[in-house]
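Visitor: Quick one: sequence and predicted model below, then my questions.
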Amino acid sequence: MKSGGLQLKACLCANYIVFLSIVILVPSKMGQLNKRALLARLQVLGAASRAELAKSLGLSQPTTGKIVDDLLQIGLVREFDPDRQREVAALGRPGRRLCLDASRPRLVAVQLGVRHTSLAALPIGTGAEDHWTVQFVTPASPTRWRRALSKAAARLPVKGLWGVLASVPGVVDEQKAEVLFSPNLHWTEGSGLIGFIRDVWDAPVALVQEERALALGHQASDPGQEDFLLTDFGDGVGGAAIVSGKIFSPPLPMSGEFGHTPVLGNKRPCGCGAVGCLETLVSTSGLLRSFATARHGATANWPALVQFIAAQGVVSWLAEALDATAFAIAGALNVCGLRRVVVTGSLEELPPAVLRYLAAAIERGALWARWGRVEVEGAPRRRAAGLAAAGMERLVLPMIERERGARNFVGK
């Protein structure tokens, strides 16, 4: 009898745990999803009323109102009165509208570049254009970088900090917050980079691979683009894809590394340890090296290259580099099933003839162009906006849910 009674109690206890998971955890998960959906919709619309948000999300107005009230209390969104002169068709008092808060810096963005490290304090509703407040030359060792970061942080006071987002080059395991491999910045590999940042700011920290940050930033600035391959050119060459409105995350912590595609006949050594990578031809230093060689070793700089291309157009050595670049990009489009390419960085800064040549070469290699249209466009880098979007998703919303869950658990 005692054994049967214990079994009955154990069964009842197990059922009670299941009941709690349904009553508490499932609504909490749904609330989190609804919050994310509402914030994403508000990002697309720019500004909206509670009724407009409820209608576009398919939620009831009471549910939408409660989510909005929570977000207002936290400071993620703000409420404002629209200009009444523009509400000519509205009867009575126009409804108050909502937008992402763009007034209070809540996040710190760190752009760790090969040459420079840049810092900015960001609100959740940051603008599309990058504005870096503090910058210093990136040192050649983690210890020196930590010291330089600490000095720079003193010039960037932020109250009520929610977290720090760091844009990092190379192969980055974002879940483990670890740089696995960085061809152009080897000292970051396994250096405990996130620990250095936490030494400076006592706040949650997330690492974001730099091309993924750029793709998120472009999406934030133009939310209507739900499918595209962003390609960035600078000290390195790489990309990231947005598929069905979400950043593409493969099983391995590596994607968009088309800069390390080998090019036949290219004998230049690459920082990754291989020889002949595309990056050695079409990165900033690679283009300048080819330009200097074409001028028989004369000193080459970026303004001189821009001026040369504006006058001479796409000459043979540049055409070869762009053709190799186009083949790699077209291959990525064919594999991923995408038709839109966004070009940022140094290639976008060159005269328009370069982008036109690259677009035509991509179309020749993209299968979709046989019966459809492949779009190639240039765009400025929007890294800060991408880091703000990543911060809201990876730091702010989980923080809110943890705090709310703790209050619910203790009955507050």
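Guide: Great, that's in hand.

Visitor: could you pull out the helices for the stretch 151-300 of the chain?
Guide: 193-200, 210-221, 279-282, 284-294 (DSSP state H, counting those that start in this stretch).

Visitor: would TSV of the ones you listed with mean pLDDT and mean neighbour count be doable?
Guide: In this view, the C-beta of every residue, glycine as well, is placed from N, C-alpha and C. Rendered in TSV, the data for those read as follows (pLDDT from 0 to 100; neighbours: other CB atoms under 10 Å):
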stretch	mean pLDDT	mean neighbour count
helix 193-200	93	18
helix 210-221	93	26
helix 279-282	97	25
helix 284-294	95	18
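
Visitor: Would you mind saying which of the ones you listed lies nearest residue 351?
Guide: helix 284-294 (12.8 Å; CB to CB).

Visitor: So which elements touch that closest one?
Guide: helix 279-282, helix 302-312, helix 316-336 (3 or more CB pairs under 8 Å, 6 or more residues apart in numbering; DSSP states H and E).

Visitor: now the helices of the stretch 151-300 of the chain as a markdown table including distance to residue 33?
Guide: Output for the helices of the stretch 151-300 of the chain, formatted as a markdown table (distance: least, CB to CB, whole Å):
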| stretch | distance to residue 33 |
| --- | --- |
| helix 193-200 | 28 |
| helix 210-221 | 19 |
| helix 279-282 | 39 |
| helix 284-294 | 42 |
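
Visitor: just so I know, which of those lies nearest residue 328?
Guide: Closest among the helices of the stretch 151-300 of the chain, once you apply CB to CB, is helix 279-282, at 9.4 Å.

Visitor: follow-up on the earlier one: out of the helices of the stretch 151-300 of the chain, flag the one nearest residue 340.
Guide: helix 210-221 (10.7 Å).

Visitor: Check which helices and strands the closest one sits against.
Guide: Going by 3+ CB pairs under 8 Å, 6+ apart, helix 210-221 lies up against strand 163-168, strand 228-233, strand 237-243, strand 246-247, strand 340-345, helix 383-391.

Visitor: Also compute the angle for the third one relative to helix 284-294, please.
Guide: Here the directions of strand 237-243 and helix 284-294 differ by 140 degrees (axes from the mean of the first three to the mean of the last three CA atoms, to 10 degrees).

Visitor: measure the residue nearest to residue 194 when sequence neighbours are not counted to residue 225 for me?
Guide: Closest residue to residue 194 apart from its sequence neighbours, by CB to CB, 6 or more residues apart in numbering: residue 177 at 4.4 Å. Here residue 177 is placed at a distance of 28 Å from residue 225 (CB to CB, to the nearest Å).

Visitor: swap in residue 168?
Guide: Taking CB to CB, one finds residue 168 at 24 Å from residue 225.

Visitor: between the two, who's got more neighbours?
Guide: residue 168 (25 against 17; other CB atoms under 10 Å).

Visitor: which residues does the more buried one contact?
Guide: By CB atoms under 8 Å, 6 or more residues apart in numbering, the contact list for residue 168 reads 112, 179, 182, 188, 193, 207-210.

Visitor: From those residues, list just the buried residues.
Guide: 112, 179, 182, 188, 193, 207-210 (16 or more other CB atoms under 10 Å).

Visitor: Return the set of buried residues in stretch 69-80.
Guide: Neighbour-count burial for stretch 69-80, with 16+ other CB under 10 Å as criterion, is recorded at 70-71, 74-78.
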